[in-house]
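# take this sequence and fold it.
(chains A and B)
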Amino acid sequence: MRDNKVDKLDKLNLKADKPTGDSIREYPPLLKRWSSWYGAVILVLLLLILFFYLFTKHYA
Amino acid sequence: MSNLDWWIMCLTFLVIILYGVYKSRGQRNVDSYFLDNKSMPWYLILFSIIGTQASAVTFLSAPGQAYTDGMRFVQYYFGLPIAMIVICIAFVPLFHRLKVYTAYQFLENRFDLKTRSLTAFLFLIQRGMSTGISIYAPAIIVSSILGWNIYWTNIFMGGFLIIYTVLGGTKAVAHTQKLQLFIIIAGMFMAGYMVVHLLPDGVSFSDALHIAGKSGKLNVITTPTNVQDQSFWQDKYTLWSGIIGGFFLALSYFGTDQSQVGRYLTARSIRESRMGLLLNGLVKVPMQFLILLIGALLFAFYQFQPAPLSFNEMQLHKIENPVFNTKINQLQQRFDSVSQLKHTTTLALVHQIHGDEKDQIEQSRVQLTKLQSQTDALREEAKTVIKEADPLADTNDTNYIFLNFVIHYLPRGLIGLLFAIIFLAAWGSIAAALNSLSSTTVIDIYKRSIKPQASERHYLNMSRWFTLFWGLFCIVIAQFANKLGSLIEAVNVLGSLFYGTILGIFMIAFFMKSVRGAAAFWAAILTELLVILIYNLDIVSFLWLNAIGCIITMVLGYILQKILPTKATAPKAIPGAVS
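Below you'll find the model as predicted:
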C-alpha cells in the first residue's frame, strides 16, 4: 500500500530532489550542496551583468 | 583560397570524419546508439550542449550583428543560466529516474499517447525543417564568397557528417563535437588576435574598444524603462527581454527540444548531467560576449581600412545593367571620400584619448557619429540599387562581414582554418539534430505505434536508416530553400510560435499535478491559436511569444481541468523505456 503511494507521488508529485535511490549519492563536486552551485551560477550572472554595465558606461 | 588553405580545410574535415568513424565502434543496441549506455562524463555533456546550440550561423552572424547593431545581442543569453538551474532541479532528475530515451516519452506517462505523439510530431516537423535551413544558411554565404555552386556546397555542408552520425550515433556526435569545439575556439581566438594585430601602428586594443564604444557598438546593456512605450515590447534585445524572454526560450530549448535533451540524457548520472548544464550556464554568456567583441573590434578596424559598400561583394559584381553600375560607382566614390574622413577623424580621436583631451574627444565622437550616419545611408542606397537591379537579391550583408574580413585580410592557412570552422560548427549542430530526429522517430513513433515487438538489432538498424533518411531530408530542404526566400525567417518564427506551448505542456506536467491529459491537450491547441493571433497582430517581438505561450497554456490547462469532465486514470508504465 505504502509502495503504491510512493510510486504515485513519484509520477504525479514529481519532487525533483527527493533523496531516494540513486539520487541520494548524487553529491555535487567542490561545493557541499546543489543549492550552492545554483547560487554560484546566479552570482556569476549578476557579476557579469554588472561588469557589462560598467564596460558599456566606461567605453561610451 | 590558396593551396595551403585547401590543404588545411580538407585535412581538418578528414580528421573529424575519421575520428567520428573511429568513435563509432561498439554500437549493439538502441541504448548504446542513442544514450551511449549512459556513460558520458560532465565535460563531454558540456561540449555536446555547446556544440549543438552553436551553429555555423552563430559564428557568422554574431560578429556581423555586433558590427551593425552593437553588442546588445548578448542580453539574449541572460535568461539561459537561470533556465539551466530550473532544468537541473525539475527536468534532469525526472528524466533520469524514468530512464527515458526522449523527452516526449515522459508525456505519455504523465498524460496520454495523443499528447506524446502530438508533441513528438511537432518536434519532427519543426526540427527537420530548421535543420535543412541551418544547412542552407551558411552554405549560401560560403558559396557566395568563394563562388562555389550552392547545390554542392549544401551537400558538403550537410553530407559528410552523415557518415559518422549514421555509424556511431550519440557517441560519435559527442566526441566529434568535443574536437570541433577545440578547433573552433582556437580559430576564433586567432581571428580576434589578427583583428587587433592588423590595427595601424599606435592604435592599441584599448583604443579599438574606445573607438567602438564611442560609436555605440559596445552597448552591452540596454535598459529601457518606459513600459508604456511600444518600443519597450518590440525591442528584441534589452536587459528585460533577455532575462525574461530569454529564460523561457532557453527553458523550452534545453528542457523540451530533443536535440538538447538527448545530449544530457547520455550522462552517466544525474550529477554529470547537472554539471554539464550548470557549466554551460557559466560559460555561454562570456563565450557569446567574446564572439560579439570580435565584431565590435572589426568595426574599429574598418574605421582605418576601406570597408566595402556591401560586404556581400558578389551582389555588386552581379550587376550587369550599365545604369545601375554607374549608380553603384557614384555611390562608391562618395563612400570612399566619407571613409577617408572617418579614417582621419578616428586617428585624431585616438590621439585625443591618449592625451585625455575630454572636450576634443566629445567633438570627435559627434563628428564620427555624423560620418557613420552618412556611410550607413550610402550603404542603404547601395542596397536599394542592388534590389532594383535584381529584385530577388538578398541585400542584408550582416552575415558576410566576418568572412569578408577573413578572405581579404587574414594570412594564407588561417583562411582555410576559418572556413573549416564554419563547416565544423554546422556539422556539430546538424549531427545532434539528426540524432534527435532519429531517436524521436524510432522511440516515439516507430517503436511505440508501428512495430512495438521487434528485436534490439532491428531497432538499431532502423535507427541508422532513420538517421540517414533525416540527413537526406534536410539536404533536400536545403536544396529547395533558395526558392522559398523568406523561409529562413519563417522557420525562426515557427520555433518561437511552438516552443512556448510545448514548454507549457511540460510545465503542467511538472508542477500542476491536478491537470490531466485532455485539459493539457486542449489548452495546448487553444494557446497555439492565440499565439499565432498575437504574432499576426505584431503586438510584441518574437522573444516574448515563448513566455506568453507557456503562461497561457498553464492558465488554460488549469481552467479547462475545472470545466472538463474528469475520469480516474491510473499511472501507466512508459512503453519503450529502458528496463
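
# contact partners for B:L309?
Neighbour list for B:L309: B:L316, B:I328, B:L331, B:Q332, B:F335, B:L378, B:R379, B:A382 [criterion: Cβ atoms under 8 Å, 6 or more residues apart in numbering or on different chains]. C-beta coordinates here come from the backbone N, C-alpha and C atoms, glycine included.

# same deal with B:A120?
B:A120 makes contact with B:T102, B:Y104, B:T440, B:D444, B:I445 under the criterion Cβ under 8 Å, 6+ apart.

# output the longest helix belonging to chain A.
helix A:34-59 (DSSP state H).

# run a quick neighbour tally on residue 34.
Here I'm looking at chain A. A:W34: 20 surrounding residues under other Cβ atoms under 10 Å in any protein chain shown.

# let's do chain B instead
Neighbour count for B:F34, taken as other Cβ under 10 Å: 28.

# equivalent analysis for the one 5 residues further on, please.
Burial measure for B:S39: 13 neighbouring residues, criterion other Cβ under 10 Å.

# give the buried residues for the longest helix of chain A.
Within helix A:34-59, the residues that count as buried by 16 or more other Cβ atoms under 10 Å in any protein chain shown are A:W34, A:W37, A:Y38, A:V41, A:V44, A:L45, A:L48, A:I49, A:F52, A:F55, A:T56, A:Y59.

# closest one of these to chain B?
Among the buried residues of helix A:34-59, A:Y59 lies closest to chain B (Cβ to the nearest Cβ), at 2.5 Å.

# that closest one contacts B:A212, doesn't it?
Yes: contact criterion Cβ atoms under 8 Å: A:Y59 and B:A212 qualify, at 7.1 Å.

# which neighbours do those two have in common?
In contact with both A:Y59 and B:A212: B:L218, using Cβ under 8 Å, 6+ apart.

# returning to that earlier point: now, which of the contacts of B:L309 sits nearest chain A?
The closest of the contacts of B:L309 to chain A turns out to be B:R379 (Cβ to the nearest Cβ; 23.5 Å).

# what mean pLDDT would you report for the strand or helix carrying that closest one?
Assessed by DSSP states H and E, B:R379 sits inside helix B:358-389. In this model, helix B:358-389 carries a mean pLDDT of 87.

# give the buried residues for the helix or strand following that helix.
Using DSSP H and E, the helix or strand that follows helix B:358-389 towards the C-terminus is helix B:401-409. By neighbour count with 16+ other Cβ under 10 Å, helix B:401-409 contains the buried residues B:I401, B:F402, B:L403, B:N404, B:F405, B:V406, B:I407, B:Y409.

# try stretch B:91-99
B:F91, B:V92, B:P93, B:L94, B:F95, B:H96, B:R97, B:L98.

# show me what contacts the closest residue to the fifth one other than its chain neighbours?
In this structure, B:F95 finds its nearest non-sequential neighbour in B:L265, 6.1 Å apart by Cβ to Cβ, 6 or more residues apart in numbering or on different chains. B:L265 makes contact with B:L35, B:K38, B:F95, B:H96, B:V100, B:Y101, B:S273, according to Cβ under 8 Å, 6+ apart.

# distance of the last one relative to B:F106?
Meaning B:S273. B:S273 is 15 Å from B:F106, where distance means Cβ to Cβ, to the nearest Å.

# more crowded one of these two?
Neighbours per residue (other Cβ under 10 Å) separate B:S273 from B:F106, with B:S273 holding more: 28 against 25.

# the more buried one sits in which helix or strand?
helix B:270-301.

# dump stretch B:460-471 to CSV, restricted to CA.
The C-alpha coordinates for stretch B:460-471 follow below in CSV (Å, rounded to 0.1, in the frame of the first residue of the first chain):
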residue,chain,number,x,y,z
LEU,B,460,19.3,-0.4,-34.1
ASN,B,461,19.2,-0.9,-37.9
MET,B,462,16.1,1.2,-38.1
SER,B,463,17.7,4.0,-36.0
ARG,B,464,20.6,4.1,-38.6
TRP,B,465,18.2,4.1,-41.5
PHE,B,466,16.1,6.9,-40.0
THR,B,467,19.3,8.9,-39.3
LEU,B,468,20.2,8.6,-43.0
PHE,B,469,16.7,9.4,-44.0
TRP,B,470,16.6,12.6,-42.0
GLY,B,471,20.1,13.6,-43.2
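
# next, the buried residues of that stretch.
By 16+ other Cβ under 10 Å, the buried positions in stretch B:460-471 come out as B:L460, B:M462, B:S463, B:R464, B:F466, B:T467, B:L468, B:F469, B:W470, B:G471.

# from those residues, which ones fall inside helices?
In helices, judged by DSSP H, the following of the buried residues of stretch B:460-471 are found: B:L460, B:M462, B:S463, B:R464, B:F466, B:T467, B:L468, B:F469, B:W470, B:G471.

# in contact with the last one, which residues?
Contacts of B:G471 were listed using Cβ under 8 Å, 6+ apart, and they are B:G158, B:G159, B:L161, B:I162, B:T165, B:V166, B:L434.

# want to throw those residues into a markdown table with pLDDT and distance to chain A?
Formatted as a markdown table, these follow (pLDDT from 0 to 100; distance: Cβ to the nearest Cβ, whole Å):
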| residue | pLDDT | distance to chain A |
| --- | --- | --- |
| B:G158 | 83 | 35 |
| B:G159 | 83 | 39 |
| B:L161 | 84 | 32 |
| B:I162 | 87 | 36 |
| B:T165 | 83 | 30 |
| B:V166 | 84 | 33 |
| B:L434 | 91 | 31 |
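
# of those residues, which belong to helices?
The helices, defined by DSSP H, take in B:G158, B:G159, B:L161, B:I162, B:T165, B:V166, B:L434 from the contacts of B:G471.

# does the last one touch B:R464 like I think?
No: contact status for B:L434 versus B:R464: not in contact, 10.9 Å apart, counting by Cβ under 8 Å.

# need the contact list for the residue of chain B found nearest chain A.
Proximity of chain B to chain A (Cβ to the nearest Cβ) peaks at B:G213, 2.5 Å away. Taking Cβ under 8 Å, 6+ apart, we find B:G213 in contact with A:T56, A:H58, A:Y59, A:A60.

# keep only those of these that are also close to chain B.
For chain B, the contacts drawn from the contacts of B:G213 by Cβ under 8 Å from any Cβ of the partner chain are A:T56, A:H58, A:Y59, A:A60.

# skipping its backbone neighbours, what lies nearest the second one in space?
Spatially, and ignoring its direct neighbours in sequence, A:H58 is nearest to B:G213 (7.4 Å; Cβ to Cβ, 6+ apart).

# element containing that neighbour?
helix B:205-214.

# tell me which helix or strand of chain A sits lowest on mean pLDDT?
helix A:2-8 (a mean of 43; mean pLDDT, DSSP states H and E).

# can you name the element that comes right after the helix or strand of chain B with the lowest mean pLDDT?
When each helix and strand of chain B is scored by mean pLDDT, DSSP H and E, helix B:230-234 comes last, with a mean of 65. Once the chain leaves helix B:230-234, the next helix or strand it forms, by DSSP H and E, is helix B:239-240.

# identify all contacting residues around the next helix or strand after that following helix.
Going down the chain from helix B:239-240, the next helix or strand is helix B:246-256, by DSSP H and E. With contact meaning Cβ under 8 Å, 6+ apart, helix B:246-256 is reached by B:49, B:53, B:75-80, B:82-84, B:86-87, B:91, B:103, B:119, B:260-261, B:277, B:496, B:499-500, B:502-503, B:505-506, B:543, B:546-547, B:550.

# hmm, try it at 7 Å
Residues outside helix B:246-256 that contact it (Cβ atoms under 7 Å, 6 or more residues apart in numbering or on different chains): B:76-80, B:82-84, B:86-87, B:91, B:103, B:260, B:499-500, B:502-503, B:506, B:543, B:546-547, B:550.

# phi, psi for B:V220 please.
Main-chain torsions, B:V220, degrees, to the nearest 10: phi -60, psi -40.

# counting neighbours, what do you get for it?
By other Cβ under 10 Å, neighbour count at B:V220 equals 28.

# list the contacts for it?
With Cβ under 7 Å, 6+ apart, B:V220 has these contacts: A:F52, A:F55, A:T56, B:M71, B:R72, B:V74.

# great, nothing more from me.
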